[in-house]
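1. Got a predicted structure here, sequence first:
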Amino acid sequence: MKHIGFIMDGNGRWAERRGLSRTEGHRAGVEALKRVLTACAEKRVAVVSVYAFSTENWKRPPEEVNGIFKLIAELNDDYFGKEEISYRVNFFGATEELPASVKNSIKAVAEKTKKNRGMIVNILLNYGGRAEIVRAVKQLVADKKEITEESLSSRLYTGRLPDPDLIVRTAGEKRLSNFMTFQSAYSELLFWEKYWPDMTAEDVESILAEYGKRKRRFGGL
């Protein structure tokens, strides 16, 4: 598989069922992310994109939002920033609107890993699929370029990366919630019942096996 996307849903509900704070649920979600990335790399997935924080997530309580940002900075410093991690890490979204500490952290990791030859990991942060399309159109208009599917695709955050072959949403919800709106046009969709913090390497193996059973037609026979 070239590209798999994960909508990491259910951290808060996972925590509430255990009498924990939502931030503790997000912390457990970070550990699940590490497991999932390791499993994807072992299965030779080329690109993994994960929905970490949407433009709509600002509506959540400030303590939860701040907790998420703190966890992202910790993930960058304590995991992606390690010498033994070979992933090439990108951050897609309106990152200029993030707190300075987060902006500095993601800039440092993106710079440190840009020459890595391992799996590409895209972290969607302060991201919205519709906003991404609007941004791309504005760039084309400003540059006086013709707007075509190809030119628009080239101005998206994903640029020349392949579109997702499969998008997985956890916690049983059945919607894409503004995730890669343009890129997902022909993606296979899979809605996984587990909450994100419960995800394991075995789940990744099962997900890839399910994808292997599907026949992608792209509108043809």
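-> That came through, no problem. Numbering: from 1, shown residues only.

2. Okay, and residue 122 sits in which element?
-> Using DSSP states H and E, residue 122 falls within strand 120-127.

3. So which elements touch that strand?
-> Counting contacts by 3 or more Cβ pairs under 8 Å, 6 or more residues apart in numbering; DSSP states H and E, strand 120-127 packs against strand 47-54, strand 88-92, helix 100-113. Heads up, the C-betas are built off the backbone N, CA and C, glycines and all.

4. Repeat the analysis, applying 7 Å as the threshold.
-> strand 47-54, strand 88-92 (3 or more Cβ pairs under 7 Å, 6 or more residues apart in numbering; DSSP states H and E).

5. how far does stretch 143-159 sit from the chain's center?
-> Here stretch 143-159 is found 21 Å from its chain centre; the criterion is Cα atoms, centre = their mean, to the nearest Å.

6. just to revisit the earlier point, turn the helices and strands packed on strand 120-127 into JSON lines, columns for mean neighbour count.
-> Shown next, in JSON lines, are the helices and strands packed on strand 120-127 (neighbours: other Cβ atoms under 10 Å):
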{"stretch": "strand 47-54", "mean neighbour count": "23"}
{"stretch": "strand 88-92", "mean neighbour count": "22"}
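
7. Indicate which one of those is closest to residue 187.
-> strand 47-54 (10.6 Å; Cβ to Cβ).
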